[in-house]
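Enquirer: One predicted model, sequence on top.
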Protein chains: 4
Amino acid sequence: MIKVGIVGGTGYTGVELLRLLAQHPDVQLVAITSRTEDGLPVATLFPSLRGRVDLAFSDPSKAPLRECDVVFFATPHGVAMAQARELLAAGVKVIDLAADFRLKDPAVFQKWYGMPHGALDLLEEAVYGLPEVNRKALARARVVGMPGCYPTSIQLGLAPLLAAGRPLVDEEHLIADCKSGVSGAGRKAEIANLLTEASDNFKAYGVKGHRHLPEAVQGLEAIARRPIGLTFVPHLVPMIRGIHSTLYARIHPQAAGLDFQELYEQHYAKEPFVDVMPPGSHPETRSVRASNTLRIALHRPGQGDTLVVLVVEDNLVKGASGQAVQAMNIMFGLAEDTGLRQIAVSP
Amino acid sequence: MIKVGIVGGTGYTGVELLRLLAQHPDVQLVAITSRTEDGLPVATLFPSLRGRVDLAFSDPSKAPLRECDVVFFATPHGVAMAQARELLAAGVKVIDLAADFRLKDPAVFQKWYGMPHGALDLLEEAVYGLPEVNRKALARARVVGMPGCYPTSIQLGLAPLLAAGRPLVDEEHLIADCKSGVSGAGRKAEIANLLTEASDNFKAYGVKGHRHLPEAVQGLEAIARRPIGLTFVPHLVPMIRGIHSTLYARIHPQAAGLDFQELYEQHYAKEPFVDVMPPGSHPETRSVRASNTLRIALHRPGQGDTLVVLVVEDNLVKGASGQAVQAMNIMFGLAEDTGLRQIAVSP
Amino acid sequence: MIKVGIVGGTGYTGVELLRLLAQHPDVQLVAITSRTEDGLPVATLFPSLRGRVDLAFSDPSKAPLRECDVVFFATPHGVAMAQARELLAAGVKVIDLAADFRLKDPAVFQKWYGMPHGALDLLEEAVYGLPEVNRKALARARVVGMPGCYPTSIQLGLAPLLAAGRPLVDEEHLIADCKSGVSGAGRKAEIANLLTEASDNFKAYGVKGHRHLPEAVQGLEAIARRPIGLTFVPHLVPMIRGIHSTLYARIHPQAAGLDFQELYEQHYAKEPFVDVMPPGSHPETRSVRASNTLRIALHRPGQGDTLVVLVVEDNLVKGASGQAVQAMNIMFGLAEDTGLRQIAVSP
Amino acid sequence: MIKVGIVGGTGYTGVELLRLLAQHPDVQLVAITSRTEDGLPVATLFPSLRGRVDLAFSDPSKAPLRECDVVFFATPHGVAMAQARELLAAGVKVIDLAADFRLKDPAVFQKWYGMPHGALDLLEEAVYGLPEVNRKALARARVVGMPGCYPTSIQLGLAPLLAAGRPLVDEEHLIADCKSGVSGAGRKAEIANLLTEASDNFKAYGVKGHRHLPEAVQGLEAIARRPIGLTFVPHLVPMIRGIHSTLYARIHPQAAGLDFQELYEQHYAKEPFVDVMPPGSHPETRSVRASNTLRIALHRPGQGDTLVVLVVEDNLVKGASGQAVQAMNIMFGLAEDTGLRQIAVSP
C-alpha cells in the first residue's frame, strides 16, 4: 500500500483527491492537513465522505507527512515550494496541484503569481505532470507540478497538431476559447461565484491575461519545439464541473489535404484517458463528469482552412485530482488507470 | 459471474443500471434491449459509457434474455408483467424497476395505472424490493418489484416510528413534503421538463393524487401493521438528481419523552446504506449524488410535539437502479454492497 | 415627484429597489448610500443599471437623506433603528426592509437578533408593512417595518383561514414547508451559497429555529386574534429568485363542508397583487419572477381533512423591495400598483 | 393605438412578444392565433400573464388579422411567406420572427431550410430588421424579416470593424464563438433540451453548419460591401436566456495603431440599445436579462494582433421579440424605445 498524505484538504481538489484515493485499491490515506480545521473529521466538512473516510484534519505541524510515500499539495500557490524540500529529504515524493512547479522560468512565475520562486533547484528538477506528454519523466520523478485545468485541455487538444515534425497550422495564431464550470474557482467565499451571481448567466473573464496562458504556451512550445502564439479567453459556465475548450487553428496550405482525424486517432491510440470521438461529434462535459477521461472531436467547417477542435474534461478530475492520481500511479509503477476507472455520472 | 440482461435501456434508470453494473465485479452484461434502437451501440446513445460498455441495443425478440441469470426491466409500466412469466419459466430471475409488482392489490394498481394487472399469480409471488424491510424475502425471491423513488425515502424515513409495537405518532396524519430532481420524470420529451421550463423555478405537482401515494401507504401499513394516513405533496426541484423528503409526524403525548434519535440509530445500526446523521443535521442531496446511500436527520423544533424527519437519496441510485442492484446482490447471495461502494460526487 | 433615498444599496434588495424605483413614474432617486463604495457609480457595481441609473453611492455622512420624502433602509439589522429618529424628525418617512421594526416584542427581537432594540418608541409606532393586512395603518404611517420574505408568503397564504371569526383549522399545528431561492441569503460572500455548493442540490436549513418563525407567528396571531402554533421548515432551492410555501392545516370537523376556494377568492377579490388560482392549480415561482404578484392555489388531497395551500412569490419583489414600493405608494396616496405593473419574466 | 396581431403565440418568442406588447403604451393586442390551442386563454398556457393579458388563442381562420395594423409571425419557418401576401393586400404590415425573409438569395434559403421560397417578390421587398443597420429602410417597410438571435450579436459586434472604408481586420477569417441559453431552441419537446440533459453541462452543436451562418455572412457582407469569411461555432449554455458571442478578428498591420474602443464608441454613440462598455469590461448575459440592450466590450490581449469582441444580448429580447417591437416602433414612427425601457432583471 502506498502511504499518502494530503496537505490542504479543504478545497475542491482536496475533497476530490479524497474521493478518488479512498477508492484506490493500493492507497492508504495517512494524513490530511488543515491549519484551520485541526481535529475536525473530514466527513464533517464533507458529508459525502461519511462512512468512507475516517481521517480528521490535522495541523501541518503534527501530521506524519514524512512517513508517507507521497504527499499531494492541494494548497494555494507558494506552499508546496516551501515544504517540498523537507519531504523530499525524507524520501517522500511530492505532487503539487498548485502552480509552484508548473512554470519553468522563475521570472514568468513571479510575473504571474506575484511572488518570487523559493526553490529554484526543485523547480528545475520538477516534472510537468501531463502523463500523455511526460510519461517517461514521470516514472522517475520525485517532484511533480500538475498542469492547470485549462492547460490540460489546450495541450491535449493541440498536441497532435504540434507534435508533427512540420508545421501543420498557423502556430502563431492559435485560439483557445475555453469554458469552465465554477468549481475551477475553488472553494472560496467570493460574491462573483455565488449561485445568485453565476447561475443563469454567462461571461468571459481574465481576457486581459490569465495565469494559465503562460503555462499553456510553455507546454505547447515544449510539444512543438517551436515558438507558438496563443489567444486564450476563459469563460464561466453556470455549472459545477467541466471544461469545454473550443480550439481554432488555421491550416497551412501545404497541410490542407491531411486527414486530421487519422492524425489524432493515431496520436492517442494507446492512451487510456484520451478519447478521440468519431468525426462530427460534439462532446459534452457531462460525458466525462466525475471521470478521468478527456474527449476530443474534430471539425473542419465548410471544408475550409479553419480546424476546430472540441475538448471536454472534468476540471476536478482530469484537470486536477484525477490526473494527479494518474501521475502517482506512473510514479509508483502501477497500472495507469488504477483507481481511476469510474464511469462518468450521467445524467 | 452473474449474467445480466436489461430490458428497456434507453431511459435514465437504464443508463444508471449500466453505469453500476459495468463496474460490478460479479456481473457480466449479456444483453440490453430496445425496440427503437436495435443495433445502436449503447455508447453512441450514452457517450459517458464510451470505452466501458461495448454492448449494442438489440430488439427484444433477438436478445438472449433466457440465457441470463437475472433480467432487469427498466421499462414503462406494463411490460414486465407481460414478459416475466416466460423468463421465470426459463429459470431467469426478474427485477422490475417499474410499478408492475409494487402494489399488492390489483384493483389499486388498475385505479392508479389505468390498466388491469396481467399476472396476478406473479404479483402475489413478487417481493417488494426494499432491502431494509424485506431482506429475508428478497433472498428467496424470483420476481421483485422495486420501490418507487419517493416511497423509498418515505418508508425508510418513517419506518423506525412505525415499527415500534405501540403508536408513537399520529399515524393517521403523516405528511410527506417531497422534492425531487427532474430525472425522476424520466428521459421523455416533455415541454414541462425542458431546462427553459424547469430551471430557475419551483413548483408542486400531482397534489391531487400521485401514483406513489398508494405505494407509500401500502408500505407504511406493512411496516406498522396498522392503517395509516398520509398526505403526500411532491415538488419539482431544478436539479438533475436527488430527492429530499421532509416528513412531519405529530408525537403522541405518551411518546413525548422518547429519544427518537436513539430509536433511529438503533433501527439502522447495521444497515450499509442508511446513514442516521447527528441530531440537528441538514442532509443535502449532493451528499448522496451518484451513491446508494440514504441519509436521515431528525429535528424536533422548539421541543414541541412535531417531529421533522429529513431524508435524502439519489433518486436514480437508492431510489431506483442502485437499490435494484442491492436487491440483486441479496438474491444471489453476494455481499449487499458489492459494486455499490461508489462515494458520492461532491461538489 | 417623491424624493427617495436608499441607505445601503449594495445588496439584492437594494439593487431591486433601484430597478423598480428607476421605472417608477412618481419617484426621483436622490441618494443611495454605501459606506464601502463611496463615489462608485451604482451602474459600475450593477451593470444592469447602465444608462438607467446615474447615481453614485455616497457615504451616509454626505448623502442628502434629510431632503428626501422617504428613505428605504436596505441594510443589515440594527441600522434603521439607529438612524430613523433623525430622519423622522426632519419629516422624512422611513421604510425598513430589515427586521428592526418587524417584531413588536423587544424581548423577542433581542432573542432572535442578538441585540437589544434601540428605539422602543419607534418600534411601538411602526406599522408592519403587509399591505393586504395593514393597508389603513400604512396610509398614516411614518415608519414601516417591511415583512420578511417567508412571513409574507405564510401570512397571505393562511390569512383567509385565520381571519374568519371561528377557527376553521387546527391553528395550533400549522405547518409551513417553505422553499426559497438563494437570493434570500443576500449578496454575501459565503461558501454555502456558492454555485458549486448550492446548485444541483437541495437541503433544509435552520430547522431548529429561524428568525422568520416568531415574525410569522406574530403576524398570524394578529390576523387570528388567537394564539397559533407553527412548524416552519425553510429549504434552499437551486434557483436565484422565488419562494414556494407549501402550507398544511388540518380542517376542523365543523368546517369540513366549507368551500375554501370561495373563502380565498372572496378574501382577496380586490387585491391587486394576490392571485387566487383556479382549484387544482400548481403555481410556479417563475410565474411571478420579477413581478410583485403572489399566487395561491388550494388543494384538499383525497377530499380529506388536510388542506394544502400553495403560495408563490418573488422573494425580492413581493417578498421585499416590491412590497416596500407598494407600501410607499400607500403612504403617499398613490395608486397601489404605480410602478409595479411589470409582467413576470417567463421563461 | 396600433392594432397588433400575433400568429403563432405558443412559443417563447410569442410569449415574450405578449409580455412586451402588453406593457406597450401605444399597442392594442387584437388577436393571437394558434391552430392547436383555439379557445384557450393565453394566461392559462402562460400563467405569468394572468391578469394582464385577457386574450384567448384563436384559430388562424377566425382571427381578425386583417383588421390589424401589423401582424407578427412567431411561427415555424415557412408560415409567414404563405400568409403575408394576403395581409399586405389588406394594408397590414408584416414582421416575421422566423427565417422567411432573412436570406435574400432564395437558393441559399432552400439549401439551409429545406423548402423552396414561396414569395420571391415579397422576399425582394422585405427589409432585414436590424435597426442599427437598416433604420431608414425599416421606416418605410411593409414586410420585415427579423434577424436571428446569433446573427444580431455577430453583426452588431463586428459592424464597426467592417463599416470602415478600408479593411481593418482579416475579414476572410473572422471567428464567432457563440454561446446561447436553451430558450434559443424554442418551446419544443426535445430530449436534448431537458433540464436533465442540458443542465450542469456544456457542449458545442451544429459545428458542421448552422442556419445562422449564411445569415450572418450575408449581413456582414452587406455592412462591409466586400466578401467576408466566418467560422461560426454555437454552444449551448445551461441557462434560460442570453447569448454571449466571443468574436475574434486578426488586425491588419496597417490598422495596428487604431483606437478600436474609440471606433466602437463613435459608431454606436447614438444607439439607444447598444452599450459599448469601458475597455477591459466583461459583459455578463444577466446584465441584459429581459431587456432590449446589447452590450459590447473590446479586448486586445497582450496588445497583440488579435482583437476580441465580447457581445451579450437577451436572445428573446434584442435577439428576437424586443428587436421586433423596436422595428415596429420605427415602422410606425414611434420613439424607438417605446415600451422597451425595461431594466434588466438582476440578479
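Expert: Great, that's in hand.
Enquirer: Just checking the helix or strand hosting residue A:233 against chain D, any contact.
Expert: When elements are defined using DSSP states H and E, residue A:233 is found to belong to strand A:230-236. Yes: using CB under 8 Å from any CB of the partner chain, strand A:230-236 comes into contact with chain D via A:231-233, A:235. In this view, the C-beta of every residue, glycine as well, is placed from N, C-alpha and C.
Enquirer: Pick out the most distant pair among those residues.
Expert: Spatially, the most separated pair among these is A:231 and A:235, at 13.4 Å (CB to CB).
Enquirer: Please, where are all the helices along chain A?
Expert: All helices of chain A, identified by DSSP state H, fall at A:12-22, A:42-45, A:79-89, A:106-113, A:120-125, A:131-139, A:149-162, A:195-198, A:212-224, A:260-267, A:322-331.
Enquirer: what mean pLDDT would you report for the third one?
Expert: It stands for helix A:79-89. Helix A:79-89 carries an average pLDDT of 97.
Enquirer: Residues in contact with it: which ones?
Expert: A:7-8, A:60, A:65-66, A:68, A:71, A:73, A:94, A:96, A:98, A:100-101, A:117-119, A:122-123, A:142-143 (CB atoms under 8 Å, 6 or more residues apart in numbering or on different chains).
Enquirer: 6 Å instead?
Expert: Outside helix A:79-89, the residues that touch it by CB atoms under 6 Å, 6 or more residues apart in numbering or on different chains are A:71, A:73, A:94, A:96, A:98, A:100, A:118-119, A:122, A:142-143.
Enquirer: CA atoms only: put that helix into PDB for me.
Expert: Extracted in PDB, the C-alpha atoms of helix A:79-89 (Å, rounded to 0.1, in the frame of the first residue of the first chain):
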ATOM      1  CA  VAL A  79       3.000  26.400  -0.100                       C
ATOM      2  CA  ALA A  80       4.500  23.400  -1.900                       C
ATOM      3  CA  MET A  81       7.700  25.200  -2.800                       C
ATOM      4  CA  ALA A  82       8.200  26.000   0.900                       C
ATOM      5  CA  GLN A  83       7.600  22.500   2.200                       C
ATOM      6  CA  ALA A  84       8.800  20.200  -0.600                       C
ATOM      7  CA  ARG A  85      12.500  20.100   0.300                       C
ATOM      8  CA  GLU A  86      12.000  18.700   3.700                       C
ATOM      9  CA  LEU A  87       9.700  16.000   2.500                       C
ATOM     10  CA  LEU A  88      12.000  15.000  -0.400                       C
ATOM     11  CA  ALA A  89      14.900  14.800   2.000                       C
END
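Enquirer: Quick check: buried residues in it?
Expert: By neighbour count on 16 or more other CB atoms under 10 Å in any protein chain shown, the buried set for helix A:79-89 is A:79-81, A:83-84, A:87-88.
Enquirer: Then the fourth one?
Expert: By neighbour count with 16+ other CB under 10 Å, helix A:106-113 contains the buried residues A:108-109, A:112-113.
Enquirer: Closest one of these to chain C?
Expert: residue A:113 (22.8 Å; CB to the nearest CB).
Enquirer: Tell me how many other residues surround the spatially closest residue to the closest one that is not a sequence neighbour.
Expert: Distances taken as CB to CB, 6 or more residues apart in numbering or on different chains place residue A:77 nearest to residue A:113, at 5.3 Å, with adjacent residues excluded. Look at residue A:77: counted by other CB atoms under 10 Å in any protein chain shown, it has 18 neighbours.
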